[in-house]
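*Asks:* curious how this folds, go ahead:
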Amino acid sequence: MKKEKYSFEFDRFDDKSELGALQKIVVDKAFEISHNAYAPYSNFKVGAAVQLENGEIFSSSNQENASYPVGTCAERGLLAYVNANFPNIKIEKLAVSTPNVNFPLPPCGMCRQYILEIEKKQKSSIEIILSGNEGEVFVLNSAKYLLPLHFTDEFLG
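*Replies:* You can find the predicted model right below:
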């Protein structure tokens, strides 16, 4: 047996006021749209926003359904829309935010896998910015740090 260790670096900011101008805009859009979430069952509102390489910014929120797991996470709904409508424009930044907690909100496992698929498709990493209602903000250089030992098309043969 050989013991392995997985580690990565990320930037930790005391609050969003320390972010760069574009990062702050994307985080603010994610937080703003989180209030439009349809979350009558969990009451957990999530917003996501992306900045494309052409400068455009899009945002979306989670949408629940009484028939779990029919609801859609903010991240996957947004990424599906952007990928369908702007398939050849790279996503540079993705922010995820919520008014529900005062710490950085990470995407769920399914969303992490989805973000990795977009990174593979566009052949470049996406800067991921995680925030909550207030407090610390984490910035990661790629979704691969959120999901070590991730599934890829290489496993499909």
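*Asks:* CA only for contacts and neighbour counts going forward, please
*Replies:* Fine.
*Asks:* show me the strands in the protein, by range?
*Replies:* 11-13, 47-52, 57-61, 91-97, 127-130, 137-140 (DSSP state E).
*Asks:* switch those over to TSV; also include mean neighbour count and distance to residue 109.
*Replies:* Shown next, in TSV, are the strands of the chain (neighbours: other CA atoms under 10 Å; distance: least, CA to CA, whole Å):
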stretch	mean neighbour count	distance to residue 109
strand 11-13	14	21
strand 47-52	27	15
strand 57-61	24	17
strand 91-97	27	14
strand 127-130	24	14
strand 137-140	22	16
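*Asks:* mean pLDDT added to these, as CSV?
*Replies:* Below are the strands of the chain laid out as CSV (pLDDT from 0 to 100):
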stretch, mean pLDDT
strand 11-13, 98
strand 47-52, 98
strand 57-61, 98
strand 91-97, 98
strand 127-130, 98
strand 137-140, 98
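*Asks:* could you dump the ones you listed to JSON lines with distance to residue 73?
*Replies:* Output for the strands of the chain, formatted as JSON lines (distance: least, CA to CA, whole Å):
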{"stretch": "strand 11-13", "distance to residue 73": "24"}
{"stretch": "strand 47-52", "distance to residue 73": "9"}
{"stretch": "strand 57-61", "distance to residue 73": "7"}
{"stretch": "strand 91-97", "distance to residue 73": "11"}
{"stretch": "strand 127-130", "distance to residue 73": "15"}
{"stretch": "strand 137-140", "distance to residue 73": "20"}
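*Asks:* tell me which of those lies nearest to residue 112.
*Replies:* Proximity to residue 112 (CA to CA) singles out strand 127-130 among those, at 10.5 Å.
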